[in-house]
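Participant: just to be clear, the model below is a prediction. Sequence and coordinates:
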Amino acid sequence: MEYIDLRSDTVTLPTQEMRDAMYKALVGDDVYGEDPTVKKLEEMAADIMGKEDAMFVTSGTQGNQVSVMTHTHHGNEIILEEKCHIITYEVGGIGYLSGVQAKTIRGINGIMDPKDVLNSIRTDDIHFPKTSLICLENTHNKAGGTVIPLSNMKEIYEIAKEHDIPVHLDGARIFNAATYLNVDVKEIARYADSVMFCLSKGLCAPVGSIVAGSKDFIKKARKYRKMLGGGLRQAGILAAAGIVALEKMTKRLAEDHENARLLAEGLNNIKGIKVDMSTVQTNIVMSDISATGLTGAQLSSKLLNYGIKVNGGNDYAVRFVTHYYIKKDHIDKVLHAISTILKEQ
Ligand SMILES: Cc1ncc(COP(=O)(O)O)c(CN[C@H](C(=O)O)[C@H](C)O)c1O
C-alpha cells in the first residue's frame with residue numbers, strides 16, 4: 001500500500017536527481033581525506049553556514065553528540081532547553097559519551113529566556129561544575145517546529161560570549177527556520193559556534209547531517225567522530241545526495257510550511273481536535289486530541305487502515321510532519337479520514 005506518511009520528515013526518500021548523482025559520484029577513502037565528493041559537500045556546507053569548516057556525519061544525533069564531546073570535558077555542566085532533542089531523544093548520550101550533566105531550562109515554545117540562561121551559568125565555587133556549553137535548537141521539534149527569534153539567539157549568544165562559553169545549535173531544521181524568518185541561514189548560524197543540520201530530513205537526502213564550525217573545532221570533532229566509528233570510506237556516494245539537497249531542496253520548504261498550516265486549520269475544524277496555531281510556523285503540527293476520547297496511539301492505528309501514518313503515543317498528542325512527498329491532496333485525504341474515524345466514535 002502506498003502510504004501518506006506524516007510521521008516525520010526523516011521518512012523522505014532521495015529524489016531521482018540524488019540517485020543519479022549517487023551513481024556517478026567520484027569517491028575515495030574519506031579517512032585519508034581523499035573522497036572528493038565528501039570534501040565538496042563539506043566545503044559547500046561551511047560556506048553556506050558562514051563557518052570556517054564542516055564535517056559530514058552519519059546522523060543528526062551523531063552530529064550533536066560529537067559536538068558536545070568536542071566542546072566539553074567530563075564533569076562539566078551544559079545548559080539546554082528541557083524538551084530539546086539532545087535531552088529527549090539521544091539516549092542519554094551526553095552523559096555516557098561526554099560525561100557531562102544537564103542543566104535544563106523550561107522554554108516557552110522551545111525558547112529559553114536569556115535571563116534563565118544567565119542565571120544557570122555556574123559561578124566559580126568549589127561545589128560547582130563548570131558550565132562549558134549552551135545548546136539551542138532551531139526549529140524546536142517538541143514545541144512543534146517553532147522558530148527561535150534571532151533577537152533571542154543573539155541575546156543568549158552575547159551572554160555566552162561574556163562568559164567565554166561556546167554555543168551549539170541543533171539546527172536539524174535550520175533551513176525551515178530560515179524560510180520562516182525569511183533570512184539567509186548564515187543569519188541564524190552566526191549566533192552559534194557549532195551548527196548541526198540535517199540533510200536527511202526536509203532536504204530529502206537518504207543519510208547524513210553536517211557539523212559546521214571553526215577549523216580547530218572541526219579538526220578536534222573529526223577525532224571524536226572517528227572514535228564513534230564515523231570515519232567513513234567512500235562516503236561520496238552519500239555526500240553526492242547531500243550536494244543535491246543543498247543545491248535544490250533548501251528553497252522549496254515554504255510549500256511544506258503551507259501544507260502544515262492547511263492541515264492545522266483543517267484539524268482545528270474537526271470537533272475534539274485542538275492545534276495552537278501560534279506554534280504552526282514550519283512543517284510540524286502538534287495536535288491535542290484529548291477531547292476525542294482517543295489516544296494518539298489509537299488514532300494512528302485507525303489511520304493505518306486509511307493508508308496514513310502518523311506518530312501518536314499513549315497520551316493525547318499527535319504529531320504531523322509535512323515534507324516534499326506530502327502534497328495538498330494528501331492533506332485533504334488525511335482530514336477526511338480523521339473526520340470519518342471520529343464520526344464512528
Ligand atoms: C531537532 C532534532 N535534532 C536532531 C535530530 C536527530 O537526527 P537523526 O539522528 O535522526 O538524523 C532530530 C531527529 N528527530 C526525529 C524526528 O523528528 O522524527 C526523531 C525524534 O529523532 C531532530 O528532530
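Facilitator: Great, that's in hand. Residues are numbered from 1 along each chain as shown.

Participant: tell me the secondary structure at the closest residue to residue 128 other than its chain neighbours.
Facilitator: Excluding its sequence neighbours, the residue lying closest to residue 128 (CB to CB, 6 or more residues apart in numbering) is residue 122, at 4.3 Å. The way it works is simple: take the backbone N, C-alpha and C, and place the C-beta from them, glycine included. The three-state label given to residue 122 by DSSP: H, G, I helix; E, B strand; the rest coil is coil.

Participant: which ones are touching residue 122?
Facilitator: By CB atoms under 8 Å, 6 or more residues apart in numbering, the contact list for residue 122 reads 77, 128, 129, 130, 131.

Participant: from the residues you listed, which land in strands?
Facilitator: 77, 131 (DSSP state E).

Participant: just the buried ones among the contacts of residue 122, please.
Facilitator: Among these, those classed as buried by 16 or more other CB atoms under 10 Å are 77, 129, 131.

Participant: ok, the last one touching residue 77?
Facilitator: Yes - taking CB atoms under 8 Å as the contact criterion, residue 131 and residue 77 are neighbours in contact, 5.3 Å apart.

Participant: now do whatever residue of the chain ends up closest to the ligand against residue 280, distance only.
Facilitator: Nearest residue of the chain to the ligand, counting by CB to the nearest ligand atom: residue 60, 2.5 Å away. Distance, residue 60 to residue 280, by CB to CB, to the nearest Å: 22 Å.

Participant: do residue 298 as well
Facilitator: Distance from residue 298 to residue 280, counting by CB to CB: 23 Å.

Participant: of these two, who's got more company?
Facilitator: Using other CB atoms under 10 Å as the criterion, residue 298 and residue 280 rank with residue 280 on top: 25 against 17.

Participant: helix, strand, or coil at the closest residue to the more buried one other than its chain neighbours?
Facilitator: Closest residue in space to residue 280, ignoring its immediate chain neighbours: residue 264 at 4.3 Å, by CB to CB, 6+ apart. Following three-state DSSP, residue 264 is assigned to helix.

Participant: pretty sure residue 264 contacts residue 273?
Facilitator: No - using CB under 8 Å, residue 264 is not in contact with residue 273; the gap is 9.7 Å.

Participant: is it possible to get CSV of the buried ones among the contacts of residue 122 that adds pLDDT and distance to the ligand?
Facilitator: Shown next, in CSV, are these (pLDDT from 0 to 100; distance: CB to the nearest ligand atom, whole Å):
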residue, pLDDT, distance to the ligand
77, 98, 21
129, 98, 25
131, 98, 22
